[in-house]
Structure formats: structure tokens, C-alpha cells
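**Q** heads up, no residue letters with this:
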């Protein structure tokens, strides 16, 4: 197995066309506008940045939240390198996860403060209680459930991404053997590649990076033949980001379908269950569907929010 582990210093900014994707920030960055009045909060977000989601606080859930969250504000960790889930648009942190986190907070009668960080650092930060929870299009896997608890809120799958025209003739994950492939530290994507490498006579030359944006950049600039990426993210970037228009998704097969999940400390089961109940209320209100649809992710919605259900898809991590 050939793996080159290139751990980059935290990137203050990685440019991907018009998107500004932060590598590490912890200052509660600028966010979509929110306004509150008499128990109602309007979160302005969506893919156009102008869609208003009106959320009414739930009195019973808000009462429970008062006893769990000090200061009336949730500290939420995220990753800002995975549009349309989470990314920087200039100095504004946006995405479907960001909108949903604000909606959850509003349903609980709380405010929200986001901190963007490297994906690989999220689970340790949540496990030690540094943040209340994370929402970062993170997969719920059996391995990760040993460290944190999850509330499963949507699904996605993964695809191979290469340059337009597919000059290497990539037809599936088995055809990555012998090629240069970039990946992300601690990701399901890396786990899929490592599992495939066990079957390769000519191993995949894997180079590992801290974030999705940098892994994708290697394909854009020709340093890697391919990467694996969440399907929804890849399609969104190719559609919206000028620097990604030279890419294509190898669309014959998707790999490793699984949950996107909100992560909690194992010592914080009460907050975990409270957020799950808030999501259920948002689904009943139609807000959950409105947010996912506004980002083109309606097909990824789940019928029921579950806790630690990662074994259903059994993704590697």
C-alpha cells in the first residue's frame, strides 16, 4: 500500500473560484442573517442567500434547552470546505448544514455560534466537550460511534472525480489501482480507498490532505489523477464553481452510501435527544424539507431521524 500523508498547516483561506473555503477558524464567523421576534426566528440562507426560513420556537423543547445550554447559545463545530453543506462565501459561513444548525437552535429558543475547523479535528473536539455538537456532513460509522454519538439527519454517497474527458479511463474504484489519488485525513473516502488498496496488485498512490478543498485542488491542477468526493458536493461544485468546471464525476457507480450525522459527546445524551426532537419538529413544520430542497439536496432527506444507526450502511472510516 502506498500512502503519502501530507498534513498541511491549517489554511486560512483556500480559493476555489468564487468560494472562499476556510481551513480553520474559531471566531464565530459571519453568518446568514437571522432576526428574532416573539418566539419566531427568520434565517436567511438557501443556495441563493436570500431565502427566508421562518422558525417558531417550541415551548416544550425550549424549556428543556434552558436546563442544558448555558447562556442561551449553542457552540457548534463545522467544516467549511464542503459546499453545499458548509463553506465560506467571502466572509460569510453558508451552506445547508449551516442553515439547518441555525434552524435547530431557533426551534430550541437558542442562538448559535459556529466555529469552522479541520475535519479531522472535529471528533476529538466533540468527544472532549469543547463544543455542544458538530454539523459537518460527517458520516455516522460504527468506528466513529466508539468516540461520539450521532443523530442521523440525511444521506449521501461518494463518487470518483477526475478531470473532464476522463483521460485515464477510470471506470470504477478498482480502476484507481496504480493511479495517483488524493484524499482527506480521517474520512470515509479514505477508508474506501484503503479497502480497495488491499485488492490492488499495483497499489493506489494515495496522498492525504487535511480538507476536501485541497484534495480536490490536486485533481484540478493535475497533481492527482482522481479523488473521491461526496456526490452531492462534487456535483454542486462542478455546477457553481469556475475552478471546478474542468472536472467530472465518474457517474457509473456511487460508493459507500451512508448517513450525514450530527455528532455529540457521549456524555451529552440529553442534548443529543433534544436536537433529534428539534429536527422532528422542523420536519413537521416543513422547514427541514425547505432547507434541503433549497440547496438541491431533497433526494438526501431521511424519513426518520435516528441515533447511532451507522451499522445500517457500515461505512469504513
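**A** Nice, thanks for sending it over. Given the structure is predicted, the values throughout are model-derived calculations rather than measurements. Numbers count the residues shown, from 1 in each chain.
**Q** show me where pLDDT drops low in the chain?
**A** By pLDDT under 70, the weakly predicted segments of the chain are 1-36.
**Q** can you map out the helices along it?
**A** 59-68, 96-107, 122-127, 188-197, 212-220, 231-240, 269-285, 287-294 (DSSP state H).
**Q** Am I right that residue 129 is in contact with residue 263?
**A** No: when contacts are counted by CB atoms under 8 Å, residue 129 is not listed as touching residue 263 (11.8 Å). Where you see a C-beta, it was placed from the backbone N, CA and C, and this is true even at glycine.
**Q** out of the two, which sits in the busier spot?
**A** Comparing residue 129 with residue 263 by other CB atoms under 10 Å, the one with more neighbours is residue 263, at 25 against 13.
**Q** Neighbours of residue 154, how many?
**A** By other CB under 10 Å, 22 other residues sit near residue 154.
**Q** wait, what's in contact with it?
**A** By CB atoms under 8 Å, 6 or more residues apart in numbering, the residues touching residue 154 are 259, 260, 292, 297, 300, 301, 302.
**Q** Identify the bridge partners of it.
**A** Beta-bridge pairing of residue 154 under DSSP bridges involves residue 260, residue 301.
**Q** Distance check, the residue nearest the centre of the chain against residue 71.
**A** Most central in the chain under CA atoms, centre = their mean is residue 137, positioned 2.2 Å from the mean C-alpha point. Separation of residue 137 from residue 71 (CB to CB, to the nearest Å): 27 Å.
**Q** Then residue 155?
**A** 33 Å.
**Q** next one: residue 317
**A** 33 Å.
**Q** ok, residue 172 - how many residues close by?
**A** By other CB under 10 Å, the residues close to residue 172 number 12.
**Q** quick one, what contacts it?
**A** 160, 250, 252, 253.
**Q** Could you tell me how many residues sit around the third one?
**A** Neighbour count for residue 252, taken as other CB under 10 Å: 10.
**Q** Could you do the first one as well?
**A** Taking other CB under 10 Å as the criterion, the count of residues near residue 160 is 30.
**Q** what sits against it?
**A** Taking CB under 8 Å, 6+ apart, we find residue 160 in contact with 170, 172, 173, 176, 226, 227, 228, 249, 250, 255.
**Q** May I ask you to confirm that residue 166 is in contact with residue 250?
**A** Yes: counting by CB under 8 Å, residue 166 does reach residue 250; the two are 6.6 Å apart.
**Q** what about the two, which has more around it?
**A** Comparing residue 166 with residue 250 by other CB under 10 Å, the one with more neighbours is residue 250, at 22 against 15.
**Q** Quick check: the residue nearest to that one when sequence neighbours are not counted vs residue 147, distance?
**A** Using CB to CB, 6 or more residues apart in numbering and skipping residues adjacent in sequence, the residue nearest residue 250 is residue 160, 4.1 Å away. Going from residue 160 to residue 147 by CB to CB gives 28 Å.
**Q** now do residue 52
**A** Counting by CB to CB, the gap from residue 52 to residue 147 is 37 Å.
**Q** quick one: contacts for the residue nearest to the centre of the chain?
**A** Contact analysis of residue 137 by CB under 8 Å, 6+ apart lists 79, 82, 85, 86, 97, 156, 230, 233, 260.
**Q** repeat that for 10 Å
**A** Counting by CB atoms under 10 Å, 6 or more residues apart in numbering, residue 137 touches 78-79, 82-86, 95-97, 119, 153-154, 156, 212, 230, 232-233, 260-261, 297, 300.
**Q** do the same with residue 48
**A** So residue 48 contacts 294, 295 (CB under 10 Å, 6+ apart).
**Q** same thing with the one 3 residues further on?
**A** The contact partners of residue 51, by CB under 10 Å, 6+ apart, come to 32, 43, 44, 45, 99, 290, 291, 293, 294, 295.
**Q** ok, those vs residue 216, which is closest?
**A** Of all the contacts of residue 51, residue 216 sits closest to residue 295, with 18.7 Å by CB to CB.
**Q** Count the neighbours of that closest one for me.
**A** Residue 295, neighbours per other CB under 10 Å, totals 24.
**Q** quick one: it and residue 239 touch, right?
**A** No: applying CB atoms under 10 Å as the test, residue 295 and residue 239 come out as separate, 11.7 Å apart.
**Q** Pull up the overlap in contacts between those two.
**A** Residues touching both residue 295 and residue 239 (CB under 10 Å, 6+ apart) are residue 84.
**Q** Pretty sure residue 98 sits against residue 78.
**A** Yes: between residue 98 and residue 78 there is a contact under CB under 10 Å: 6.9 Å.
**Q** quick one: common contacting residues for the two?
**A** Looking at what touches both residue 98 and residue 78 (by CB under 10 Å, 6+ apart), the common residues are 29, 85, 86, 87, 114, 116, 135, 136.
**Q** want to try JSON lines for the residues you listed, with distance to residue 276 as columns?
**A** JSON lines is the format used below for these (distance: CB to CB, whole Å):
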{"residue": "29", "distance to residue 276": "26"}
{"residue": "85", "distance to residue 276": "19"}
{"residue": "86", "distance to residue 276": "20"}
{"residue": "87", "distance to residue 276": "26"}
{"residue": "114", "distance to residue 276": "20"}
{"residue": "116", "distance to residue 276": "24"}
{"residue": "135", "distance to residue 276": "13"}
{"residue": "136", "distance to residue 276": "17"}
